[in-house]
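Undergrad: The sequence isn't on hand, but the structure is:
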């Protein structure tokens, strides 16, 4: 059983809880992992890999992600979301569209962003949330992130809805915090829903409550492993070339562009990830023979 499930994670379970649910349904010995952790309170797209598709998770690290989030103005919290303790409550001033846009505009494009103190990032060998709980939270440096798309709408005087498309390492909680700070009243992320991770889309997602109870039905919901490599250059090999790749040998493929590519065997199944080295292509990962 090899491929990806696109799960619509509900609020409450952790990403690891979702993996555990899928693992209980999958056949004994099938590896299961997830790509792109979602906080327990967040909902939406969680790609779950099964079988040799787990070896492709690393290639999703740089995938673009989409979110819809709600910012609660006037309240700051320890975690920059609704799960944390309230730090301060301030009145929300009367805000016109121009004032809100002036606060949001600097957060578009290539920006420097300070991660939340309560996060899974490491500092001095420990998770930040462990340091924060122990009262040892460090002062964090800002990190470069890419906000490709950020639009807002006003739902009521105290809430903004954000639509975000961003690159890796972006925290929507930090966007909510920074918008609130720029508006002078503070804010936090009240809710978050992820709409896509790379090629994995909410429209194709399976609700966790609809997860099948038997492996055969689960297999019918799997997308092929190569979906994680969508958009990569691809080549279909004949039997001789596939045999070389299966044994870890390089190939000359002069018509293949790029630095990495996916190779399929004569049957069309994903056979390997190839890496260019000079004028030859070397198997980086081989999945079958």
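TA: Looks like it came in fine. Small disclaimer: the values here were computed from a predicted structure and weren't measured.
Undergrad: distance of the residue nearest to residue 83 when sequence neighbours are not counted from residue 81?
TA: Distance criterion C-beta to C-beta, 6 or more residues apart in numbering; nearest residue to residue 83, sequence neighbours excluded, is residue 41 at 5.4 Å. Heads up, the C-betas are built off the backbone N, CA and C, glycines and all. Separation of residue 41 from residue 81 (C-beta to C-beta, to the nearest Å): 6 Å.
Undergrad: what's the answer for residue 229, then?
TA: From residue 229 to residue 81 the distance is 32 Å (C-beta to C-beta).
Undergrad: Same drill for the two, tell me which one is more crowded.
TA: residue 81 (24 against 20; other C-beta atoms under 10 Å).
Undergrad: wouldn't the more buried one be in contact with residue 39 here?
TA: Yes - shown here, residue 81 and residue 39 form a contact pair, counting by C-beta atoms under 8 Å, at 7.1 Å.
Undergrad: quick one: common contacting residues for the two?
TA: residue 192 (C-beta atoms under 8 Å, 6 or more residues apart in numbering).
Undergrad: Pairing partners for the host helix or strand of residue 152, with directions?
TA: Counting by DSSP states H and E, the element that carries residue 152 is strand 143-156. Take DSSP bridges as the rule and strand 143-156 pairs in its sheet with strand 109-113 (antiparallel), strand 159-166 (antiparallel).
Undergrad: What are the buried residues along that strand?
TA: Buried positions in strand 143-156, judged by neighbour count with 16 or more other C-beta atoms under 10 Å: 145, 146, 147, 150, 152.
Undergrad: Would you agree residue 179 falls within a strand?
TA: No - using DSSP: H, G, I helix; E, B strand; the rest coil, the assignment for residue 179 is helix, not a strand.
Undergrad: Am I right that it is in contact with residue 70?
TA: No - when contacts are counted by C-beta under 8 Å, residue 179 is not listed as touching residue 70 (11.6 Å).
Undergrad: Those two: who's more crowded?
TA: Set residue 179 next to residue 70 and count neighbours by other C-beta under 10 Å: residue 179 wins out with 24 against 17.
Undergrad: ok, now which ones touch the more buried one?
TA: Counting by C-beta under 8 Å, 6+ apart, residue 179 has contacts 71, 103, 104, 107, 152, 160, 187.
Undergrad: element containing residue 189?
TA: strand 187-197.
Undergrad: Distance from the chain centre to the next helix-or-strand element following that strand, please.
TA: Per DSSP H and E, the first helix or strand lying C-terminal to strand 187-197 is strand 200-201. On the basis of C-alpha atoms, centre = their mean, to the nearest Å, strand 200-201 sits 10 Å off its chain's mean C-alpha point.
Undergrad: Quick check: can you name the pairing partners of strand 200-201 and their directions?
TA: Strand 200-201 has these strand partners (DSSP bridges): strand 187-197 (antiparallel).
Undergrad: Now do the contacts for the spatially closest residue to residue 238 that is not a sequence neighbour.
TA: Residue nearest to residue 238 in three dimensions, not counting chain neighbours: residue 266, with 6.1 Å by C-beta to C-beta, 6+ apart. Residue 266 makes contacts with 236, 237, 238, 239, 242, as judged by C-beta under 8 Å, 6+ apart.
Undergrad: By neighbours, which of those residues wins?
TA: residue 242 (22 neighbours).
Undergrad: Can you check my assumption that that one lies in a strand?
TA: No - going by three-state DSSP, the assignment for residue 242 is helix, not a strand.
Undergrad: quick one: it and residue 256, what's the gap?
TA: From residue 242 across to residue 256, the span is 15 Å (C-beta to C-beta).
Undergrad: what does residue 94 give?
TA: From residue 94 across to residue 256, the span is 59 Å (C-beta to C-beta).
Undergrad: And those two? Which one has more around it.
TA: residue 256 (15 against 7).
Undergrad: No further queries at this time; thank you.
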